[in-house]
Structure formats: structure tokens, C-alpha cells
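Peer 1: here is the input, now give the coordinates:
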Amino acid sequence: MSMIKIDMNSPEFQAEMEKTIKFTDKVNAQFGWVYNPQEEVNEGVQMGLARNKMMYKKRFCPCFMVDTTGEKPKSVDDRICPCKPAIEQEIPDNGVCHCGIFCTPEFAANKRIEMGMEEVVHTHSRGLTKEECKVLVSQSELDGDEVSALLEARDLGMVNFKLVDVREHMEWQMGHIDGADILIPTSSFFPSLEEAKLDKNENIILYCHVGSRSAHVARILTDSGFTKIGNLTHGIVSFGGEIKR
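Peer 2: Here you go, the predicted model:
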């Protein structure tokens, strides 16, 4: 299966997006949930749901892979929005679903306070040393500032790694991290991975929209024998560096 490219400006996609927004509005009303205060999280998930509906005829959660090897496409964890794990466990326990779009009113209120209080977590007044680069690039979880600092250091020839985007082609076109080396979409993951010919022993940093797809891919790659996998914890929405559109 080759990479599927959906034109987000097409009337078909726009119409599906409109239906999806009505669908997520209805889900919130039905369960007494609210949207995430971070609008870009909601938009990203809605786009993913619309894309999956067009591709697979079902609103599979966009944060999980879809297995297309059988007769019918199937979400790896049987995640069809609003998914059972979100209803039964994630939202009651954590206040928010795995994809981040549906929240309890309490979670959303706390998130708004946190967003209001949040200042720059750490600013880089100096470049990293080679030793610091070595330590940082081997972390399994990285934040936006750390990935920014590593990209800067890589430009100076101080460190080597591949930055891999695991979102979809449509999301890549909308905007990707300046310095991202390759797109390996989760919808065509294994054939795209094969084409990418990544070295199992090189440093690889993954990212997606909010960090859940990339965390999922990190586990798959680690299980497949890749030894140096890092993840941009909260995805591209947490990255303050250059975005290429």
C-alpha cells in the first residue's frame, strides 16, 4: 500500500470535515464532555477523523494505526470514535481521551489555568556542548525546546539523528518541523518504513500532532529492533521552532 494523499482543500474533504465537526459536537453533548482548550489539538483530531472516514468509511481514532491487511480495515486497538477505552477508562480516570479532543469540564478548566500560567519552560541562552547533545539525543522523551536545540546542534555538525514525522501526507503539507527528514505516515507505515531504509542503530526522533501516534510508533520500532528511538512528547503542537508550510 503506497502513501495515500488526500487534498484537504477538496470539496469532498471540506464536506467530510463539516460532518465530522457536527459529529464531535454531538459526542460532547451526549456524554457531557467539552473540547480541549487547545484548539489546534481539536482541529488536528477532527481532520484525522474526517480523513479516516474518507479512507476507511469509519471514523477510526487518528492516533492509532489502521490494519488494512484483512478484508476490512480495522483499527489496531478497535478504536472507533468515541472509543470504548475513552468512555470507560481514559476520561473517567484522566479527564481526557487518548487523542486529546474530549475532556471533562474540570480537566478543561485546569488546562486553561495551566495555559494562562505557562511561560517559556526553558530558554536556550547558550548552545549545547557535544556531551550534552549526546545525552539529550539518547532520551526516549523530548520536549519542543530540546528538539529545537538538537536541530540547531545538528546544523553545526555536533550531533546526528533523523527527525521522522509519522502524521499523514495532508498534515505534512499543512506544516512540518523545519529539519524533519522524512515522512512515514501511520496509514502506510510498514511500506513507508521499508522505503525509508532507516538504520536500526541510528538516533531517530519521532513526532506527530500531539505525541500519541509517535509514542505508538516508538513502541513498534523498539520491538522491531531499533535501538535509539526518541519521541517529541507532546507533538508538533508543543514545538516552538520553525514550521515549514
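Peer 1: from here on, contacts and neighbour counts on C-alpha atoms
Peer 2: Fine.
Peer 1: now the helices for the protein?
Peer 2: Assigned by DSSP state H, the chain shows helices spanning 11-31, 39-56, 84-85, 91-94, 105-117, 130-137, 144-155, 169-174, 189-196, 212-223.
Peer 1: by contact count, what packs against the third one?
Peer 2: Of the remaining helices and strands, none touches helix 84-85 by 3 or more CA pairs under 8 Å, 6 or more residues apart in numbering; DSSP states H and E.
Peer 1: report the mean confidence score over that helix.
Peer 2: Averaged across helix 84-85, pLDDT comes to 94.
Peer 1: contacts for that helix?
Peer 2: R79 (CA atoms under 8 Å, 6 or more residues apart in numbering).
Peer 1: residue numbering should commence at 7 henceforth.
Peer 2: In the new count, where the first residue is 7, that last one comes out as helix 90-91.
Peer 1: out of the helices of the chain, nearest to K11?
Peer 2: With respect to K11, and counting by CA to CA, the nearest of the helices of the chain is helix 175-180 at 5.8 Å.
Peer 1: who's in contact with the closest one?
Peer 2: Identification of contacts with helix 175-180 by CA under 8 Å, 6+ apart yields M9, I10, K11, I12, D13, M14, D171, L189, P191, R251.
Peer 1: what about 10 Å?
Peer 2: 9-15, 50, 53-54, 57, 171-172, 186, 188-193, 214-215, 249-251 (CA atoms under 10 Å, 6 or more residues apart in numbering).
Peer 1: now, which of the residues you listed lie within strands?
Peer 2: Residues of the contacts of helix 175-180 located in strands (DSSP state E): D171, I188, L189, I249, K250.
Peer 1: returning to what we had before: by mean pLDDT, show me the worst of the helices of the chain.
Peer 2: Here the lowest mean pLDDT among the helices of the chain goes to helix 111-123, at a mean of 80.
Peer 1: mind listing what's buried in it?
Peer 2: P111, F113, A114, K117 (16 or more other CA atoms under 10 Å).
Peer 1: is it possible to get TSV of the helices of the chain that adds distance to D73?
Peer 2: Shown next, in TSV, are the helices of the chain (distance: least, CA to CA, whole Å):
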stretch	distance to D73
helix 17-37	22
helix 45-62	10
helix 90-91	18
helix 97-100	25
helix 111-123	32
helix 136-143	31
helix 150-161	30
helix 175-180	18
helix 195-202	10
helix 218-229	14
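Peer 1: I'd like to know how many residues surround V223.
Peer 2: 22 (other CA atoms under 10 Å).
Peer 1: make that K78, sorry
Peer 2: 9.
Peer 1: I only care about the ones in strands among the contacts of helix 175-180 that end up buried; give me the PyMOL line for that.
Peer 2: Paste this into PyMOL to select the buried members of these, with burial taken from 16+ other CA under 10 Å:
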select buried, resi 171+188+189
